[in-house]
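A.B. asks: have a look; sequence and predicted model below, questions after that.
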Protein chains: 2
Amino acid sequence: MKHEEFMHEAVHAAVDNVHNGGGPFGAVIVKDGEIIARGVNRVTVNNDPTAHAEVMAIRAACQKLQTFDLSGMVIYSSCEPCPMCLGAIYWSHIDKLYYAGSQKDAAQAGFDDKFIYEEFDRPIASRRLHTEQLLPEEGKAPFAEWDKNAEKVEY
Amino acid sequence: MKHEEFMHEAVHAAVDNVHNGGGPFGAVIVKDGEIIARGVNRVTVNNDPTAHAEVMAIRAACQKLQTFDLSGMVIYSSCEPCPMCLGAIYWSHIDKLYYAGSQKDAAQAGFDDKFIYEEFDRPIASRRLHTEQLLPEEGKAPFAEWDKNAEKVEY
């Protein structure tokens, strides 16, 4: 399969998903020129706000390959990822991201990723999400425990 | 239970999780003054790069309450959320976020959320993650399908 065909697959998955009760988003993950996992948006169907297409595809790829590291792989998403999904892509160590629809297309359809990106750029005190640090000294305890754990698996 | 006690629970969950093969992060979600869900970092154990404490707590709360909308609820996290988790918190419509450890504490322990936040602030072309738009016109198709679907469930 070629580059554009992988994107066709992601877009077709998104269109199909709308007919299947889900949101208009799809993604595929490619390893060595082959699709190894797919994901579609199942937020409302699964009652899971994290069930975006890219997150679902990453989870599926990791289950299939029994790894938490997708280094060297490529994700094709039907739409520019939201901050949650972009974060997930970074944590998975995927190498390349291709997307078709833009944030603007998503916003016009009522998916306001832009609001979240804007919130990220605001200082914590002026975000709409009330955010506050509490017990900062206690917050260091888990990391102290981590540091002295000789059997820790890093990622 | 009081405010600080909820944070104690999140921090204790994080410490316990280190002894249980997981990462040094914990979170609890509170509704009407009661903890309704907990989450800890299980990235390496579950082979799931999205299995951060906040994401796990959000999924658990949503499964318990059979909803994708946690409006009115509060999340206590043992550490300042990474971009993926902060995005998940926004999508879940949680109202308030309290955190104990800081991004700096996390970075010192080897969890480099800061790198991801910095990547977000770079123009796409200069990010370390190779990112490229492909087939932008096709990318509008899922949204067109969504717009004409009378039975869509919005979130």
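C.D. replies: Happy to help now that I have it.

A.B. asks: what about A:R122, distance to B:I94?
C.D. replies: Going from A:R122 to B:I94 by C-beta to C-beta, to the nearest Å gives 17 Å. C-beta coordinates here come from the backbone N, C-alpha and C atoms, glycine included.

A.B. asks: the two: which has the busier surroundings?
C.D. replies: Taking other C-beta atoms under 10 Å in any protein chain shown, A:R122 and B:I94 do not tie; B:I94 has more neighbours (25 against 11).

A.B. asks: list the contacts for A:W91?
C.D. replies: Listed by C-beta atoms under 8 Å, 6 or more residues apart in numbering or on different chains, the contact set of A:W91 reads A:Y155, B:V43, B:P49, B:T50, B:H52, B:C82, B:M84, B:I116.

A.B. asks: export these as CSV, with columns for neighbour count.
C.D. replies: What follows is the contacts of A:W91, written out as CSV (neighbours: other C-beta atoms under 10 Å in any protein chain shown):
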residue, neighbour count
A:Y155, 15
B:V43, 25
B:P49, 27
B:T50, 28
B:H52, 31
B:C82, 26
B:M84, 28
B:I116, 18
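
A.B. asks: now A:E119, nearest residue through space, not along the chain?
C.D. replies: A:R127 (5.1 Å; C-beta to C-beta, 6 or more residues apart in numbering or on different chains).

A.B. asks: quick one: buried residues of stretch A:8-16?
C.D. replies: A:H8, A:E9, A:A10, A:V11, A:H12, A:A13, A:A14, A:V15 (16 or more other C-beta atoms under 10 Å in any protein chain shown).

A.B. asks: center of chain A - which residue?
C.D. replies: Compute the mean C-alpha point of chain A, and by C-alpha atoms, centre = their mean the closest residue is A:C85, 2.2 Å away.

A.B. asks: now do the contacts for that one.
C.D. replies: A:H52, A:A53, A:E54, A:V55, A:S77, B:M84, B:G87.

A.B. asks: quick one: which of those is most hemmed in?
C.D. replies: Most surrounded of the contacts of A:C85: other C-beta under 10 Å gives A:E54, at 33 neighbours.

A.B. asks: can you tell me the closest non-neighbouring residue to that residue?
C.D. replies: Distance criterion C-beta to C-beta, 6+ apart; nearest residue to A:E54, sequence neighbours excluded, is A:C85 at 3.8 Å.

A.B. asks: and that neighbour, what helix or strand is that in?
C.D. replies: Element membership for A:C85 (DSSP states H and E) is helix A:83-92.

A.B. asks: cool, A:G39 as well?
C.D. replies: A:G39 belongs to strand A:34-40, assigned by DSSP H and E.

A.B. asks: report the angle between that strand and helix A:83-92.
C.D. replies: 150 degrees (axes from the mean of the first three to the mean of the last three C-alpha atoms, to 10 degrees).

A.B. asks: what's the helix or strand harbouring A:A106 packed up against?
C.D. replies: Taking DSSP H and E as the criterion, A:A106 maps to helix A:103-108. The contact analysis (3 or more C-beta pairs under 8 Å, 6 or more residues apart in numbering or on different chains; DSSP states H and E) places helix A:103-108 against strand A:74-79, helix A:113-121, helix B:141-147.

A.B. asks: 7 Å instead?
C.D. replies: helix A:113-121 (3 or more C-beta pairs under 7 Å, 6 or more residues apart in numbering or on different chains; DSSP states H and E).

A.B. asks: before we move on, the earlier item: just the closest of the contacts of A:C85 to B:D147, please.
C.D. replies: A:A53 (18.1 Å; C-beta to C-beta).

A.B. asks: and the contacts of A:C85 as CSV, adding distance to A:N149 and pLDDT?
C.D. replies: Formatted as CSV, the contacts of A:C85 follow (distance: C-beta to C-beta, whole Å; pLDDT from 0 to 100):
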residue, distance to A:N149, pLDDT
A:H52, 32, 98
A:A53, 35, 98
A:E54, 31, 98
A:V55, 28, 98
A:S77, 36, 98
B:M84, 23, 97
B:G87, 29, 97
